[in-house]
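Chemist: Okay, sequence plus prediction incoming.
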Amino acid sequence: MTPRERVIRALEFRQPDRAPRDLWHLPGVAQARGAELNAMLARYPIDFAQPAFRYGASARARGTPERVGTYTDEWGCVWSVAEDGVVGEVKVHPLEDWSALATFAPPWEVLEGADASETNASCAATDRFVRSGTSIRLFERMQFLRGVEALFLDLAYLPNELYTLRDMLHEYYLQEIDLWTKTDVDAIFFMDDWGSQSNLLIAPEQWREIFKPCYAEYCRRIRAAGKYVFFHSDGFIAPILGDLIEIGIHAINAQLFCMDIESLAQQFKGRITFWGEICRQQILPFGPPDDVRAAVMRVRRALDDGQGGAIAQCEWGNEDPADNIAAVFDAWLEPRPV
């Protein structure tokens, strides 16, 4: 079974020979621990590949992301990074004052200058499942542009500008999706972090009114092109997981350990593929390998029945011991727990 076949069987609940394997890592791992990362990938080959694809140059971008200091992204948001290898946080919000909205425009040049000339060849050259990355993060980009406090006040008072901004970003992201649907990638990925550690960040009813229709359109376009939909969201997202299934998400990367894993299994197992993960806040950075193994076995006991619907994924943090990452993948290779 090829890696691509394995992933597709998992997504379609058609008994893959094992759970597909995926490893994420923070930028600092590649920057400071490249030899360890390469050794891990050689020992546990992943079943996913990234395609060749280049976005166009931004007229607003300045500086180097993920390095100590400040940089400006393609939307004009100014980020501060306190430690090499981390994303940082936005300190200057271009739309902090709504008066700037009238003359603000998305970075269309990034899409117009995109180069997909080698994308299909890179897809054909691998037997792995090819998943695109995108910049799509509707809710988070609204936070970056407005500021967190300002956006949450907007969601309380619902000014017209809130909907104007949402629609502007939504149109940009639809055009980004259209770029990818013309390629031979197997799946298209987008994200938004919707949870705190214990609750959804806004009421589920408001999420359904303001954001769900946009997500539904992303999924419609992606699925109409014959591709799978992968979505990431941190935090406690149980109240909207059924909605994500309804609109057509195939695979969800979520912080399972913020939620009741067994309850998720009872409600949603067999309806969506759980694309990881293992707790990256406590267990992976601080737990001994035995605790890591126990965490994996808890996930597998709830979600991995051999029919599919589970992906062996974790995220390697900058300071996480390599032995704990190895323990994740070793535990996924053990016989399924009963």
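Modeler: Cool, got the structure. Numbering: from 1, shown residues only.
Chemist: Give me the residue ranges of the chain where confidence is low.
Modeler: The model of the chain has no residue with pLDDT under 70.
Chemist: The stretch 201-338 of the chain: strands as residue ranges?
Modeler: 228-233, 251-254, 273-275, 310-316 (DSSP state E, counting those that start in this stretch).
Chemist: Would you mind putting those strands into TSV with mean neighbour count alongside?
Modeler: C-betas here are computed from N, CA, C, even on glycine. Formatted as TSV, the strands of the stretch 201-338 of the chain follow (neighbours: other CB atoms under 10 Å):
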stretch	mean neighbour count
strand 228-233	23
strand 251-254	24
strand 273-275	26
strand 310-316	25
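Chemist: Figure out which of the ones you listed is closest to residue 287.
Modeler: strand 310-316 (12.2 Å; CB to CB).
Chemist: Let's have the strands of the stretch 201-338 of the chain in CSV, adding distance to residue 52.
Modeler: Written out in CSV, the entries for the strands of the stretch 201-338 of the chain read as follows (distance: least, CB to CB, whole Å):
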stretch, distance to residue 52
strand 228-233, 19
strand 251-254, 22
strand 273-275, 23
strand 310-316, 23
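Chemist: Minimum distance to residue 266: which of those has it?
Modeler: The closest of those to residue 266 is strand 273-275. By CB to CB, the value is 13.0 Å.
Chemist: The closest one: partners in the sheet, and parallel or antiparallel?
Modeler: Strand 273-275 has these partner strands in its sheet, going by DSSP bridges: strand 251-254 (parallel), strand 310-316 (parallel).
Chemist: List of residues touching that strand?
Modeler: Residues external to strand 273-275 that are found in contact with it (CB atoms under 8 Å, 6 or more residues apart in numbering): 10-11, 22, 230, 232, 250-254, 256, 264, 299, 303, 308-311, 313.
Chemist: can you pull out the strands in the stretch 51-200 of the chain?
Modeler: Applying DSSP E, counting those that start in this stretch to the stretch 51-200 of the chain gives strands spanning 69-72, 78-81, 89-92, 129-132, 187-191.
Chemist: want to throw the ones you listed into CSV with distance to residue 177?
Modeler: CSV is the format used below for the strands of the stretch 51-200 of the chain (distance: least, CB to CB, whole Å):
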stretch, distance to residue 177
strand 69-72, 25
strand 78-81, 25
strand 89-92, 24
strand 129-132, 9
strand 187-191, 7
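Chemist: between the strands paired with strand 273-275, which gets nearest to residue 123?
Modeler: Of all the strands paired with strand 273-275, strand 251-254 comes closest under CB to CB, at 18.3 Å.
Chemist: Could you give the number of residues near residue 173?
Modeler: 23 (other CB atoms under 10 Å).
Chemist: Give me the neighbour count for the closest residue to it other than its chain neighbours.
Modeler: Residue nearest to residue 173 in three dimensions, not counting chain neighbours: residue 136, with 4.6 Å by CB to CB, 6 or more residues apart in numbering. By the criterion of other CB under 10 Å, residue 136 has 24 neighbours.
Chemist: what residue lies at the spatial centre of the chain?
Modeler: Geometric centre of the chain, nearest residue: residue 232, 3.4 Å, by CA atoms, centre = their mean.
Chemist: I'd like to know the beta-bridge partner residues of it.
Modeler: According to DSSP bridges, beta-bridge pairing links residue 232 with residue 191, residue 253.
Chemist: how far away is the most far-flung residue of the chain relative to its centre from residue 161?
Modeler: Farthest-out residue of the chain from its mean C-alpha position, per CA atoms, centre = their mean: residue 99, at 32.0 Å. According to CB to CB, to the nearest Å, residue 99 and residue 161 sit 10 Å apart.
Chemist: again, but for residue 133
Modeler: 30 Å.
Chemist: can you check residue 57 too?
Modeler: 29 Å.
Chemist: of the two, who's got more company?
Modeler: residue 161 (15 against 11).
Chemist: who's in contact with stretch 290-299?
Modeler: 256-257, 261, 274, 278-279, 283-284, 287, 310, 312, 324, 327-328, 330-332, 334, 337.
Chemist: Quick check, the residue nearest to residue 173 in contact with residue 177.
Modeler: Yes. Counting by CB atoms under 8 Å, residue 177 is a contact partner of residue 136 at 7.3 Å.
Chemist: how many other residues sit next to residue 183?
Modeler: Neighbours around residue 183, by other CB under 10 Å: 20.
Chemist: I'd guessed it sits against residue 119; true?
Modeler: Yes. Contact criterion CB under 8 Å: residue 183 and residue 119 qualify, at 4.6 Å.
Chemist: so what sits against both of those two?
Modeler: What both residue 183 and residue 119 touch, as defined by CB under 8 Å, 6+ apart, is the set 51, 53.
Chemist: Distance to residue 42 added to the strands paired with strand 273-275, as JSON lines?
Modeler: Shown next, in JSON lines, are the strands paired with strand 273-275 (distance: least, CB to CB, whole Å):
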{"stretch": "strand 251-254", "distance to residue 42": "24"}
{"stretch": "strand 310-316", "distance to residue 42": "15"}
